[in-house]
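Structure of the sequence below:
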Amino acid sequence: MQHGKNVRGSACTRGQDARVPCCLCTLSQEWEGIATELANAGSDAEVAQRIQGLLDGADHAGGTVLLGRDTRPSGPELLAAAKAGVEAAGGVVVDLGQVTTPQLHFMVVEYNTRPTPATRPQSPPSLDIYFSTLLDAFEQLVSSSSSGSSQPAAPYTLHVDCACGIGATHLQTAANKLAAGKSGLRFALLNTPGPPGSLNHCCGADYVQKEQVAPAAFQDLPTSARCASLHWLHTHTHTHMYAHH
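I've put the predicted structure just below:
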């Protein structure tokens, strides 16, 4: 969202020419009071009134907002509502589809670094640059720690609890790309997206940390298997690493 002269969250451009710095975190603390007021509004009319008050004091003409969502059934409806709000405020929406929060943040930066508005397409930018940037850096890191050996590292498997979230889809893409590299890292993806209501159910980093038990589908793994649990939410991505005993 855009407020005053700064871009917060996933908004990309201000006006037609300006490139604006991007905040790769949650909204600044000043927005906490605003969000509380909106959440406590007693009616739709009061919400609209408060939003209009924000717009009246903001330079919002021509802004572009990148939107992403997770796998929950409410995603399309929330997307439509957000899109309608942005367009009502004179903005333009770029729908990234189902993405993780880090991917959304990354694509905001990528969008902001395009040199001119003419090179900022209204169609979703490709996530290929996200994967190539991170995975190439990972391969370089592994290569630099392998004592100069030109041989691929011995394959090893990381069993990943995907918390039945969208991260599983994108992690599979990463796994396919890593398989062609020299790092040796291989993923075994468990708890991939399932029926409605399965997101984070008996799985995910919070479940593992709070319950102090292995997530669903991990009980039969061999002793000392390398494991990681992910927790997919619309605002955060957590990782909990552990060895199976």
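
List the residues that contact residue 82.
Taking CB atoms under 8 Å, 6 or more residues apart in numbering, we find residue 82 in contact with 65, 67, 93. (C-beta placed from N, C-alpha, C; glycine too.)

Now do the buried residues in the longest helix seen in the chain.
Longest helix of the chain, by residue count under DSSP state H: helix 128-144. For helix 128-144, burial by neighbour count (16 or more other CB atoms under 10 Å) applies to 130, 131, 135, 138, 139, 142.

residues contacting the fourth one?
When contacts are counted by CB under 8 Å, 6+ apart, residue 138 is found next to 178, 183.

same question, the second one
Contacts for residue 131 were tallied using CB under 8 Å, 6+ apart; they are 173, 174, 177.

picking that back up, would you convert the buried residues of helix 128-144 into JSON lines that also reports pLDDT?
Below are the buried residues of helix 128-144 laid out as JSON lines (pLDDT from 0 to 100):
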{"residue": "130", "pLDDT": "92"}
{"residue": "131", "pLDDT": "93"}
{"residue": "135", "pLDDT": "92"}
{"residue": "138", "pLDDT": "90"}
{"residue": "139", "pLDDT": "88"}
{"residue": "142", "pLDDT": "84"}
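
Nearest the middle, which residue of the protein would you pick?
Residue closest to the mean C-alpha point of the chain, counted by CA atoms, centre = their mean, is residue 101 at 1.5 Å.

To what extent is residue 200 buried, counted in neighbours?
Residue 200 has 19 neighbours, counted by other CB atoms under 10 Å.

How about the secondary structure of it?
coil (DSSP: H, G, I helix; E, B strand; the rest coil).

Now do it against residue 183, distance only.
Applying CB to CB, to the nearest Å, the value for residue 200 to residue 183 is 29 Å.
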